[in-house]
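>>> Next come a sequence and a model predicted from it.
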Amino acid sequence: MEIGKCKTLCLLGFSCILVSCAMKPYEPSASGDRATIVFNGSGFPNIPFIRKRLTAQFFSGCYTEHPKTDASILGELKISEEEFLNKEVTIPAGKFLLMSYGVSESGSCMLNASFVPEKGAQYQATYKPRIGRCEGKITKRNGDPIPDLNFYKITAVEAAVGASDTWRHCNNFNRYFELENMSQ
């Protein structure tokens, strides 16, 4: 085989691998019960040449096989600084929703949460990067707490090896609920 053809095939194969790793864009459902959420990343520090942008990923449940191709993936959305608090995102209501949001360039700075949005409710997710950690909360837009909201933290090892999806695996996810129920 010619070297030129081999390079082309290798480049094509590598491109296919990269494309398969990308999550599909989030497209809200046009039917069914819905709620809305806005994202507030105003706690980002002002660092020259660093864009203030959040990534939000939505899932309808946990996965058992492959986190990047599971049917529970609803999609991913990028929210720019100009869109903080202005861009209302429609989310499914009355159903269990899993969500990761934060700075996706570092899987360890994604906040992972689950709740059942109420039909017609308006929510707000805040995000504040800190040295060595990230903080945030999800409330109703009027500041009221969400009763069934749960946050899930990945371990430092999971973050270091790029396993930021482990919190969504059904075995781990069920373990979180068992621990939560045992502590009550």
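Sure, I can see it. Please read all numbers here as calculations on a predicted model, not as lab measurements.
>>> residues in contact with the most centrally placed residue in the chain?
In the chain, the centroid-proximal residue (Cα atoms, centre = their mean) is Ser100; its distance is 2.2 Å. Shown in contact with Ser100 (Cβ atoms under 8 Å, 6 or more residues apart in numbering): Thr55, Ala56, Gln57, Phe59, Met110, Leu111, Asn112, Ala113, Ser164. (Each C-beta comes from the backbone N, C-alpha and C, glycine too.)
>>> do the same with Cys109
Gly102, Val103, Pro129, Cys134.
>>> can you redo these as JSON lines with secondary structure?
Output for the contacts of Cys109, formatted as JSON lines (DSSP: H, G, I helix; E, B strand; the rest coil):
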{"residue": "Gly102", "secondary structure": "strand"}
{"residue": "Val103", "secondary structure": "coil"}
{"residue": "Pro129", "secondary structure": "strand"}
{"residue": "Cys134", "secondary structure": "strand"}
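>>> need the residues you listed in TSV with neighbour count, can you?
What follows is the contacts of Cys109, written out as TSV (neighbours: other Cβ atoms under 10 Å):
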residue	neighbour count
Gly102	26
Val103	19
Pro129	19
Cys134	17
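>>> before we move on, the earlier item: quick check: bridge partners of the residue nearest to the centre of the chain?
Gln57, Asn112 (DSSP bridges).
>>> So it versus Ala113, what's the distance?
Distance of Ser100 to Ala113, given as Cβ to Cβ, to the nearest Å: 8 Å.
>>> again with Tyr63
Taking Cβ to Cβ, one finds Tyr63 at 16 Å from Ala113.
>>> what's the answer for Pro145, then?
In terms of Cβ to Cβ, Pro145 sits 13 Å off from Ala113.
>>> Those two: who's more crowded?
Taking neighbours as other Cβ atoms under 10 Å, Pro145 and Ala113 compare with Ala113 leading, 19 against 9.
>>> And stretch 87-99, how far out from the chain middle?
From the chain centre to the centre of stretch 87-99 is a distance of 12 Å (Cα atoms, centre = their mean, to the nearest Å).
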